[in-house]
Every structure is written in C-alpha cells, then in structure tokens.
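>>> Here you go, sequence then predicted model.
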Amino acid sequence: MEISDLNVFREVVESGGITRAAERLNRVPSNVTARIKKLEEELGKPLFLREKNRLRISAAGEQLLDYAHQILNLAKLAIEDIQERKPSGSLKIGAMEAVAATRLVTPLMKFHSNYPEIELNIETAPTGMLIEQVLSGQIDMAFVADPIPDSRLTISPVYKETLVLVSDLSHKLIRHPSDLTPEPTLLGFSQQCAYRTRMTDWLQQGNTVAKVIEINSYHTLLSCVAAGMGVGIIPQALLDHYPFRENIKVHALPPKWRKTVTSMIWRHDSLKDSMEAFGERVEKNF
C-alpha cells in the first residue's frame, strides 16, 4: 500500500467522485480509477459502492479512511519536521579539560539557551581518548589538540593555542631542557594527552629523561607546580583564568613547541543537526 494511493483514495471520498478527484489531483480519471482498484485488490474488499453514476463509500472504505487520515497526516508532519532541520534529541560533546574550562563556556551557555530541550552531555578526557570515543560513537563530537588526519573524521580547526612551561617561583629561567634538574619531574595527564606528548618530545631534544606524575585536573597540576613538585605545560589561555597565577613562574617554549591547534572532530557519517548548531556557536580564533 502506497501513501500516494491513500492520498488518491481520500481525495475521491472528499470530492465525491472520480472525475472531480482527478481534476484536483491533476490526473486523468482512468489513473484515479486504477489507483482505487489497486487498493481494493490489496485489501480484498470494495472501498466504494457503485450506484449508477455515483460512488458511495463502503464500510471497508470508512475504516480505511480513518487510517488514511492518520497516515497522511503523519507523513506530512515527518516531512515538515525533517525539512525544518530543527535540532533535537541529545548531544554528547567531549573536550580536553583546558578547552572545557576556557573556550567552551560561552558556546555551551548560548547553545543551552537556544535549545533547552536538547539533552546536552559534556565529557572531559585527553585527546587520544576523545578521538577513540568519537570513532566508536560514544560521543558525537570532540575538541582535541593537533589530531592526526583520519579518513573517517571531519577535522575543523577552531582555536590557536600558545603553550607555556610553568614552574614554582624559585625555579631558574627555563630556555632549554638542560635548564631543568638532572632528573626533572614532569606533571601531566595520561599518555594520551597531546600536551604531555608535546612536552616529552621537547625534553628529548636535550636527551632529558623525566619522572612523570600523572594529574587528573589542571587546577591540581598548577597547585602542585606552585608547591615545587615539578614542571608542567599548559595553554596560556588556561593560565589567564587561574586565580593564583602570581604563585606560578611562566617560561616561554621555543616556537616549534609552543604553537598548537584545537580542532572540532566528528565522524563523516554521523553528523547531526545539533552538532551543526553547536559548531555555529563556537567563536573561532583560527
């Protein structure tokens, strides 16, 4: 049973005959008649009682008419809803903690204000883990640092970040890995953190091997740095939001190591209207 056949049937009922229905549908009467006969054959019952030159709807026709109204109205609503492309449902966003604490505050507020009916979920994790979660479908989109090109992903650069090295106030100026202690302590996130990888790569330039203490949050990392427990690498934007910045000494990294790009990523085959709507509220500085 085709929706177009139901539409013809309803028009015949409302018009009171084949000829009038054909005029309204811009069809020839023979086509309308063929559609009605097709429906009757599919249902095994007559839909109209033919009395001389008049058609009168049958009991089976009355039954079908109720369903036809419901089906055609639902089809119309489905088309209108899809064409409107109004974001709905849920949206799962992943982000590095530094990005979630700085860059995403405003777009999250704007998005929730414009689409309060959407269930919004935010998860923070290191870059490597976020990429895995996007690929596996656990989250819809993510904000990650310097992602490696992947044929399954769309990668849209959004933020340029400047990374800085931080230490306690008593530490001497750090220009090179050799300015650190012989066996320095590195404070950072897990091995899947892009910034930790950046720092370990920088240390290797001076053949320096560091002891690593893994930290779960940037505020904890900065507190440990201020206490002299080690050095770390963070985005300058995060340090600008840290309330105890005067307890931290900042060291510039060489140009090769200080620049990083945060990108939005999502699977090519999983783009949703809500993801596009959120992306429109991200103010890029790229």
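Thanks, I have the structure now.

>>> Where do the helices of the stretch 151-286 of the chain begin and end?
194-204, 218-226, 236-240, 255-258, 273-280 (DSSP state H, counting those that start in this stretch).

>>> mind checking which of those helices is nearest Arg103?
Comparison of the helices of the stretch 151-286 of the chain against Arg103 by Cβ to Cβ identifies helix 236-240 as nearest, at 7.1 Å. No exception for glycine: its C-beta is placed from N, CA and C like everyone else's.

>>> what packs against that closest one?
Where contact means 3 or more Cβ pairs under 8 Å, 6 or more residues apart in numbering; DSSP states H and E, helix 236-240 is packed against helix 97-101, strand 153-167.

>>> Format these as CSV; extra columns: mean neighbour count, mean pLDDT and distance to Glu41.
Output for these, formatted as CSV (neighbours: other Cβ atoms under 10 Å; pLDDT from 0 to 100; distance: least, Cβ to Cβ, whole Å):
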stretch, mean neighbour count, mean pLDDT, distance to Glu41
helix 97-101, 21, 91, 61
strand 153-167, 18, 95, 49
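
>>> Make CSV out of those and add distance to Ala59.
What follows is the helices and strands packed on helix 236-240, written out as CSV (distance: least, Cβ to Cβ, whole Å):
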stretch, distance to Ala59
helix 97-101, 63
strand 153-167, 56
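
>>> Among these, which comes closest to Ala75?
Nearest to Ala75, of the helices and strands packed on helix 236-240 and by Cβ to Cβ, is strand 153-167 at 32.0 Å.

>>> Parallel or antiparallel, list what pairs with the closest one.
Strand pairing for strand 153-167, using DSSP bridges, gives strand 232-235 (antiparallel), strand 249-252 (antiparallel), strand 259-267 (antiparallel).

>>> Now those in CSV, please, with extra columns for mean neighbour count and mean pLDDT.
Below are the strands paired with strand 153-167 laid out as CSV (neighbours: other Cβ atoms under 10 Å; pLDDT from 0 to 100):
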stretch, mean neighbour count, mean pLDDT
strand 232-235, 24, 93
strand 249-252, 16, 96
strand 259-267, 19, 96
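
>>> per-domain residue ranges of the chain.
By the assignment in automatic domain parsing, the chain contains the domains 3-84, 90-160+262-280, 161-260.

>>> what about the last one, start to end distance?
Chord length of domain 161-260, first to last residue, is 5 Å (Cα to Cα, to the nearest Å).

>>> starting at the chain centroid, how far to that domain?
Mean-position distance between domain 161-260 and its chain equals 31 Å (Cα atoms, centre = their mean, to the nearest Å).

>>> do the same with the second one
For domain 90-160+262-280, the distance between its averaged C-alpha position and the chain's averaged C-alpha position is 5 Å (Cα atoms, centre = their mean).

>>> Out of the helices and strands packed on helix 236-240, flag the one nearest Ile82.
Of the helices and strands packed on helix 236-240, nearest to Ile82 by Cβ to Cβ is strand 153-167, at 21.8 Å.

>>> Just want the angle from that closest one to helix 273-280.
Angle, strand 153-167 to helix 273-280, by axes from the mean of the first three to the mean of the last three Cα atoms, to 10 degrees: 40 degrees.

>>> can I get the domains of the chain in CSV with distance to Phe286?
Below are the domains of the chain laid out as CSV (distance: least, Cβ to Cβ, whole Å):
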stretch, distance to Phe286
domain 3-84, 30
domain 90-160+262-280, 5
domain 161-260, 10
